[in-house]
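Engineer: okay, structure incoming, though there's no sequence with it:
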């Protein structure tokens, strides 16, 4: 492969060097901020030997090239365009000008939740392992593994403690990430989040029962009765509080000299934010979060089939817009409020469906380049990472993408009617069953079978039909 020529052709297909404002790369892709994405010739771009696919997300245009080769092409690309090497943050900032207000809001949520996702997914997998050890009737009739093998009981207890930590101290994780995103001190963000789950506060999960019994302690703050309630597992309180913290810190930092910064800015910032949070932000957002949860639960309780059809079928298009990140907050709120989420299982099946469509294209096509891309991207999707399959294969040909949506919608209807729940968020692919409550495994495996077979069959038949028509022309 002529690396220099490939880089030149990529620049040409992107609309020329004047259309490129910033460029960086990750392990497999060029990540670009373009001035006008409408100038991109996608057909010419994806016909290049070095290019395995391309897509646009969050204002960035990404060109899939592959590990190793991307480094070489990037070096030539920078020299040809003269844009200079940039960091991922530089490209993100340059790409923000391409976003509308809604996209910017969604991107903000993504920037907050994506950094903490590994901790949440890991916790979900470990909770799944704990469920296998403690769930009755999985391997033995009316008994669990720890009932039969008592020596595993303490091991299960340790696994459960490790798994629950991310959810018990979730406000601490969100506080760190949100404060960083809003331009505040990450350390103060952590302290703010942990403050909301302090052991002296009533645990949020016991609030309803304590309220019924009239056993909720209060503070008297300037004549106001403030309930001493924690916000374990809550998302909205710490998000809003972190924003307020960052703005107060920035306001003070501009007005306090460096010599007094440490003595004045952090204490006043944390003190003011703490008072505002417990007096106003916490109670208001706690109520809003409960209304949000009640709304979702009511919709899916009233018409579960419709809810499963819509969310199961339309989750993949949400990924294209980036709006799927907003539902991570809803999942976490559902887990905190009702003990599990009925949305995330559909996400897992949607990912598998995209992989099945890509795998069908791998078997149907005679294009060796497409075969390689479809195989690797389908495996990636089955393990929870769908972007290569969606943007590199399925959206490129359209019908595989719609086939995946059909399979996902059918499976979504079935598992929603059955009330399938996940007590946590895990890996959104075939290993996802680890994070599903044990009693729902049979129905979930049925849904998994549907998203493996239906998208594959539809995509394969259409692909073969198209090939026959082309052969007869």
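Structural biologist: Sure, I can see it. Because the structure is a prediction, the values reported are computed rather than measured.
Engineer: now stretch 31-43: mean pLDDT?
Structural biologist: In this model, stretch 31-43 has an average pLDDT of 88.
Engineer: start to end distance for it?
Structural biologist: Taking Cα to Cα, to the nearest Å as the measure, stretch 31-43 stretches 18 Å from start to finish.
Engineer: over to stretch 393-403?
Structural biologist: 13 Å.
Engineer: which parts of it are buried?
Structural biologist: Judged by neighbour count using 16 or more other Cβ atoms under 10 Å, the buried positions of stretch 393-403 are 393, 394, 395, 396, 397, 399, 400, 401, 402, 403. Glycine gets a C-beta too; all of them are placed from N, C-alpha and C.
Engineer: by pLDDT, rank the residues you listed and give me the bottom one.
Structural biologist: Within the buried residues of stretch 393-403, pLDDT is lowest for residue 396, at 83.
Engineer: so where's the stretch 201-350 of the chain shaky on pLDDT?
Structural biologist: Scanning the stretch 201-350 of the chain for pLDDT under 70 picks out 208, 321-322.
Engineer: could you pull out the strands for it?
Structural biologist: Taking DSSP state E, counting those that start in this stretch as the criterion, the stretch 201-350 of the chain contains strands spanning 218-221, 224-227.
Engineer: picking that back up, any idea which of the buried residues of stretch 393-403 is closest to residue 144?
Structural biologist: Nearest to residue 144 among those: residue 403, at 39.6 Å, using Cβ to Cβ.
Engineer: hang on, the earlier thing: so can I have CSV of the strands of the stretch 201-350 of the chain showing distance to residue 418 and mean neighbour count?
Structural biologist: Shown next, in CSV, are those (distance: least, Cβ to Cβ, whole Å; neighbours: other Cβ atoms under 10 Å):
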stretch, distance to residue 418, mean neighbour count
strand 218-221, 42, 10
strand 224-227, 38, 14
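Engineer: what about residue 124, which SS state?
Structural biologist: Of the three states, residue 124 takes helix under DSSP: H, G, I helix; E, B strand; the rest coil.
Engineer: thinking it is in contact with residue 437, fair?
Structural biologist: No: using Cβ atoms under 8 Å, residue 124 is not in contact with residue 437; the gap is 12.0 Å.
Engineer: of the two, who's got more company?
Structural biologist: More neighbours surround residue 124 than the other of residue 124 and residue 437, with 25 against 19 (other Cβ atoms under 10 Å).
Engineer: burial of residue 372, as a residue count?
Structural biologist: Neighbour count for residue 372, taken as other Cβ under 10 Å: 13.
Engineer: got the strands of the stretch 201-350 of the chain as JSON lines, with distance to residue 242 columns?
Structural biologist: Formatted as JSON lines, the strands of the stretch 201-350 of the chain follow (distance: least, Cβ to Cβ, whole Å):
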{"stretch": "strand 218-221", "distance to residue 242": "22"}
{"stretch": "strand 224-227", "distance to residue 242": "20"}
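Engineer: wait, which of these is closest to residue 193?
Structural biologist: strand 224-227 (18.9 Å).
Engineer: now do residue 362 against residue 328, distance only.
Structural biologist: 30 Å (Cβ to Cβ, to the nearest Å).
Engineer: then residue 182?
Structural biologist: Taking Cβ to Cβ as the measure, residue 182 falls 18 Å from residue 328.
Engineer: before we move on, the earlier item: any residues in contact with both of residue 124 and residue 437?
Structural biologist: residue 422 (Cβ atoms under 8 Å, 6 or more residues apart in numbering).
Engineer: was I right about residue 58 contacting residue 95?
Structural biologist: Yes: using Cβ under 8 Å, residue 58 makes contact with residue 95 at a distance of 6.7 Å.
Engineer: out of those two, which sits in the busier spot?
Structural biologist: residue 95 (22 against 19).
Engineer: which other residues reach the one helix or strand that one maps to?
Structural biologist: Taking DSSP states H and E as the definition, residue 95 sits inside helix 88-95. Residues from elsewhere that reach helix 88-95 (Cβ under 8 Å, 6+ apart): 21, 22, 23, 24, 26, 31, 32, 33, 58, 59, 60, 86.
Engineer: who's in contact with the fourth one?
Structural biologist: Residue 24 makes contact with 30, 31, 74, 85, 86, 87, 88, 90, 91 under the criterion Cβ under 8 Å, 6+ apart.
Engineer: so the fifth one versus residue 66, what's the distance?
Structural biologist: Right, the one you point to is residue 86. Residue 86 sits at a distance of 21 Å from residue 66 (criterion: Cβ to Cβ).
Engineer: repeat that for the second one.
Structural biologist: Using Cβ to Cβ, we find residue 31 at a distance of 14 Å from residue 66.
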